[in-house]
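A.B. asks: what follows is a predicted structure for the sequence shown.
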Amino acid sequence: MDSNTRIFKKVIQFTNIGKNKLFSAKNNLPIKIFLLFSGFLIGSLFGTFLPSLPEQINSYSVIILITITAIEIVNYLVYSSKKRQFFFGSFFGILLQFFLSIKTKLVSFFFNRDPTLQSYEAQKNNKKVSSELQIQTMVPQFEHGSITPKGEGYQAQLDYPLILHSKEDSSFRVKQWQNTNKNFYKNLNSFKIGIMLGFFIDAFKVGS
(Lines give C-alpha, C1' and ligand atoms only; values in the text may rest on other atoms or scores of the structure.)
Protein backbone atom coordinates (compact mmCIF):
# COMPACT_ATOMS: atom_id res chain seq x y z
CA MET A 1 0.00 0.00 0.00
CA ASP A 2 1.35 3.40 -1.00
CA SER A 3 1.92 5.53 2.10
CA ASN A 4 2.06 8.79 0.12
CA THR A 5 -1.61 8.89 -0.83
CA ARG A 6 -3.82 11.62 0.54
CA ILE A 7 -6.29 9.20 2.13
CA PHE A 8 -3.51 7.34 3.95
CA LYS A 9 -2.12 10.62 5.32
CA LYS A 10 -5.57 11.67 6.53
CA VAL A 11 -6.06 8.31 8.27
CA ILE A 12 -2.67 8.61 10.01
CA GLN A 13 -3.43 12.19 11.02
CA PHE A 14 -6.84 11.22 12.41
CA THR A 15 -5.27 8.30 14.31
CA ASN A 16 -2.60 10.52 15.86
CA ILE A 17 -5.19 13.08 16.93
CA GLY A 18 -7.24 10.34 18.57
CA LYS A 19 -4.20 8.97 20.39
CA ASN A 20 -3.25 12.42 21.67
CA LYS A 21 -6.79 13.09 22.89
CA LEU A 22 -6.99 9.76 24.70
CA PHE A 23 -3.51 10.14 26.21
CA SER A 24 -4.24 13.65 27.51
CA ALA A 25 -7.64 12.65 28.92
CA LYS A 26 -6.75 9.35 30.59
CA ASN A 27 -5.68 10.93 33.90
CA ASN A 28 -8.83 13.05 34.09
CA LEU A 29 -11.26 10.51 32.64
CA PRO A 30 -12.88 9.29 35.93
CA ILE A 31 -13.68 12.85 36.99
CA LYS A 32 -15.17 13.65 33.59
CA ILE A 33 -17.33 10.52 33.64
CA PHE A 34 -18.54 11.33 37.17
CA LEU A 35 -19.40 14.92 36.23
CA LEU A 36 -21.08 13.75 33.03
CA PHE A 37 -23.25 11.31 34.98
CA SER A 38 -24.02 13.92 37.67
CA GLY A 39 -25.08 16.46 35.06
CA PHE A 40 -27.21 13.86 33.29
CA LEU A 41 -28.92 12.97 36.58
CA ILE A 42 -29.64 16.61 37.42
CA GLY A 43 -30.88 17.37 33.91
CA SER A 44 -33.15 14.33 33.74
CA LEU A 45 -34.70 15.12 37.15
CA PHE A 46 -35.02 18.83 36.41
CA GLY A 47 -38.66 18.58 35.34
CA THR A 48 -39.53 16.83 38.60
CA PHE A 49 -38.39 19.74 40.78
CA LEU A 50 -39.51 22.52 38.42
CA PRO A 51 -43.12 22.80 39.72
CA SER A 52 -41.84 23.35 43.28
CA LEU A 53 -40.22 26.67 42.35
CA PRO A 54 -41.99 29.81 43.59
CA GLU A 55 -44.60 31.22 41.25
CA GLN A 56 -44.20 34.80 42.48
CA ILE A 57 -41.36 35.34 40.03
CA ASN A 58 -41.26 34.45 36.39
CA SER A 59 -39.19 31.38 37.20
CA TYR A 60 -39.26 29.85 33.73
CA SER A 61 -37.80 32.94 32.06
CA VAL A 62 -35.13 33.29 34.76
CA ILE A 63 -34.14 29.61 34.49
CA ILE A 64 -33.93 29.77 30.69
CA LEU A 65 -31.83 32.95 30.83
CA ILE A 66 -29.45 31.56 33.45
CA THR A 67 -29.10 28.24 31.62
CA ILE A 68 -28.34 29.81 28.23
CA THR A 69 -25.89 32.29 29.78
CA ALA A 70 -24.03 29.55 31.69
CA ILE A 71 -23.84 27.33 28.60
CA GLU A 72 -22.48 30.18 26.46
CA ILE A 73 -19.84 31.05 29.07
CA VAL A 74 -18.64 27.45 29.28
CA ASN A 75 -18.65 27.15 25.48
CA TYR A 76 -16.52 30.27 25.17
CA LEU A 77 -14.02 29.11 27.78
CA VAL A 78 -13.63 25.67 26.16
CA TYR A 79 -14.10 26.24 22.44
CA SER A 80 -12.99 29.85 21.91
CA SER A 81 -10.54 30.35 19.06
CA LYS A 82 -9.08 33.31 17.17
CA LYS A 83 -10.46 31.83 13.97
CA ARG A 84 -14.02 31.76 15.33
CA GLN A 85 -15.15 35.00 16.97
CA PHE A 86 -18.92 35.03 17.43
CA PHE A 87 -20.91 37.69 19.24
CA PHE A 88 -21.06 35.78 22.52
CA GLY A 89 -17.35 34.96 22.29
CA SER A 90 -16.38 38.62 21.93
CA PHE A 91 -18.87 39.67 24.60
CA PHE A 92 -17.61 37.20 27.20
CA GLY A 93 -14.00 37.98 26.27
CA ILE A 94 -14.62 41.65 27.08
CA LEU A 95 -16.47 40.62 30.24
CA LEU A 96 -13.52 38.49 31.39
CA GLN A 97 -11.07 41.31 30.71
CA PHE A 98 -13.26 43.66 32.73
CA PHE A 99 -13.41 41.41 35.81
CA LEU A 100 -9.71 40.52 35.60
CA SER A 101 -8.77 44.20 35.32
CA ILE A 102 -10.80 44.89 38.49
CA LYS A 103 -8.99 42.02 40.22
CA THR A 104 -5.64 43.47 39.12
CA LYS A 105 -6.48 46.92 40.48
CA LEU A 106 -7.68 45.49 43.80
CA VAL A 107 -4.53 43.41 44.23
CA SER A 108 -2.34 46.39 43.30
CA PHE A 109 -4.21 48.63 45.76
CA PHE A 110 -4.19 46.32 48.79
CA PHE A 111 -0.83 44.58 48.29
CA ASN A 112 1.05 47.30 46.38
CA ARG A 113 2.26 44.96 43.66
CA ASP A 114 1.52 43.95 40.08
CA PRO A 115 -0.01 40.43 40.08
CA THR A 116 0.84 39.79 36.42
CA LEU A 117 4.59 40.09 36.83
CA GLN A 118 6.70 39.19 39.81
CA SER A 119 8.65 42.15 41.16
CA TYR A 120 12.41 41.96 40.94
CA GLU A 121 14.97 44.10 42.70
CA ALA A 122 18.36 44.01 40.97
CA GLN A 123 21.31 43.09 43.15
CA LYS A 124 23.70 45.98 42.57
CA ASN A 125 26.62 44.42 44.41
CA ASN A 126 26.34 41.04 42.70
CA LYS A 127 27.78 41.40 39.19
CA LYS A 128 27.64 37.66 38.50
CA VAL A 129 23.86 37.68 38.02
CA SER A 130 23.28 37.15 34.30
CA SER A 131 20.65 39.02 32.28
CA GLU A 132 18.94 35.70 31.49
CA LEU A 133 18.49 35.00 35.20
CA GLN A 134 17.18 38.53 35.74
CA ILE A 135 14.63 38.14 32.96
CA GLN A 136 13.48 34.77 34.29
CA THR A 137 12.98 36.17 37.78
CA MET A 138 11.03 39.19 36.52
CA VAL A 139 8.28 37.17 34.86
CA PRO A 140 6.14 34.28 36.13
CA GLN A 141 7.95 30.98 36.07
CA PHE A 142 6.76 28.61 33.32
CA GLU A 143 7.63 24.94 33.04
CA HIS A 144 8.05 24.91 29.26
CA GLY A 145 9.12 27.61 26.83
CA SER A 146 11.63 30.42 26.45
CA ILE A 147 11.79 34.02 27.65
CA THR A 148 13.33 36.88 25.63
CA PRO A 149 13.36 40.68 26.14
CA LYS A 150 11.14 42.73 23.83
CA GLY A 151 11.18 46.52 24.09
CA GLU A 152 10.35 47.63 27.60
CA GLY A 153 8.57 44.38 28.34
CA TYR A 154 9.27 40.69 27.93
CA GLN A 155 8.04 37.99 25.62
CA ALA A 156 7.51 34.44 26.87
CA GLN A 157 7.06 31.87 24.10
CA LEU A 158 5.53 28.73 25.58
CA ASP A 159 4.91 25.27 24.19
CA TYR A 160 1.19 26.08 24.18
CA PRO A 161 -0.29 29.21 22.53
CA LEU A 162 0.28 31.88 25.18
CA ILE A 163 2.57 34.85 24.46
CA LEU A 164 3.40 37.56 26.99
CA HIS A 165 4.27 40.71 25.04
CA SER A 166 4.33 43.15 27.93
CA LYS A 167 2.91 43.60 31.39
CA GLU A 168 0.65 46.30 29.93
CA ASP A 169 -0.95 43.83 27.49
CA SER A 170 -4.53 43.45 28.74
CA SER A 171 -5.23 40.31 26.70
CA PHE A 172 -2.42 38.46 28.50
CA ARG A 173 -4.42 38.21 31.73
CA VAL A 174 -7.34 36.52 29.96
CA LYS A 175 -5.09 33.99 28.22
CA GLN A 176 -3.16 33.35 31.45
CA TRP A 177 -6.43 32.80 33.33
CA GLN A 178 -7.69 30.44 30.61
CA ASN A 179 -4.51 28.31 30.61
CA THR A 180 -4.39 28.17 34.42
CA ASN A 181 -8.01 26.99 34.67
CA LYS A 182 -7.96 24.81 31.53
CA ASN A 183 -8.66 21.52 33.30
CA PHE A 184 -11.30 23.10 35.52
CA TYR A 185 -13.54 24.40 32.77
CA LYS A 186 -13.01 21.25 30.70
CA ASN A 187 -14.48 19.34 33.64
CA LEU A 188 -17.21 21.96 33.83
CA ASN A 189 -17.88 21.33 30.15
CA SER A 190 -18.43 17.62 30.89
CA PHE A 191 -20.96 18.59 33.55
CA LYS A 192 -22.67 20.91 31.05
CA ILE A 193 -22.89 18.15 28.42
CA GLY A 194 -24.44 15.84 31.01
CA ILE A 195 -27.07 18.44 31.90
CA MET A 196 -27.93 19.00 28.23
CA LEU A 197 -28.30 15.24 27.69
CA GLY A 198 -30.54 15.13 30.76
CA PHE A 199 -32.67 17.95 29.34
CA PHE A 200 -32.93 15.98 26.09
CA ILE A 201 -34.19 12.87 27.89
CA ASP A 202 -36.49 14.92 30.11
CA ALA A 203 -38.07 16.50 27.02
CA PHE A 204 -39.06 13.03 25.81
CA LYS A 205 -40.63 12.27 29.20
CA VAL A 206 -42.66 15.48 29.08
CA GLY A 207 -43.72 14.78 25.50
CA SER A 208 -44.87 11.29 26.31
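C.D. replies: Everything's here; your move. Numbering: from 1, shown residues only.

A.B. asks: what residue ranges in this structure score low on pLDDT?
C.D. replies: Residues of the chain that meet the criterion pLDDT under 70 lie in 1-4, 20-27, 52-59, 80-101, 103-182, 206-208.

A.B. asks: my read: Leu41 touches Gly198, true?
C.D. replies: Yes: look at Leu41 against Gly198 with Cβ atoms under 8 Å: they come within range, at 6.7 Å. Heads up, the C-betas are built off the backbone N, CA and C, glycines and all.

A.B. asks: more crowded one of these two?
C.D. replies: Taking neighbours as other Cβ atoms under 10 Å, Leu41 and Gly198 compare with Gly198 leading, 21 against 13.

A.B. asks: who are the neighbours in contact with the more buried one?
C.D. replies: Gly39, Phe40, Leu41, Ile42, Gly43, Ser44, Leu45, Phe46 (Cβ atoms under 8 Å, 6 or more residues apart in numbering).

A.B. asks: now, of these, which are buried?
C.D. replies: Buried by 16 or more other Cβ atoms under 10 Å: Gly39, Phe40, Gly43, Ser44, out of the contacts of Gly198.

A.B. asks: turn those residues into TSV, columns for distance to Leu77.
C.D. replies: As requested, those are exported to TSV (distance: Cβ to Cβ, whole Å):
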residue	distance to Leu77
Gly39	16
Phe40	21
Gly43	20
Ser44	25
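
A.B. asks: for the helix or strand harbouring Phe200, which positions count as buried?
C.D. replies: Assigned by DSSP states H and E, Phe200 belongs to helix 182-207. Neighbour counts over helix 182-207 (16+ other Cβ under 10 Å) mark 185-195, 197-199, 202 as buried.

A.B. asks: tell me which of those residues is nearest to Ile71?
C.D. replies: Nearest to Ile71 among those is Lys192, at 6.1 Å by Cβ to Cβ.

A.B. asks: that closest one reaches Gly39, doesn't it?
C.D. replies: Yes: shown here, Lys192 and Gly39 form a contact pair, counting by Cβ under 8 Å, at 6.6 Å.

A.B. asks: follow-up on the earlier one: just the buried ones among the contacts of Gly198: which are in helices?
C.D. replies: Those of those mapping onto helices are Gly39, Phe40, Gly43, Ser44, per DSSP state H.

A.B. asks: excluding chain neighbours, what is closest to the second one?
C.D. replies: For Phe40, ignoring the flanking residues on the chain, the nearest one in space by Cβ to Cβ, 6 or more residues apart in numbering is Gly194 at 4.1 Å.
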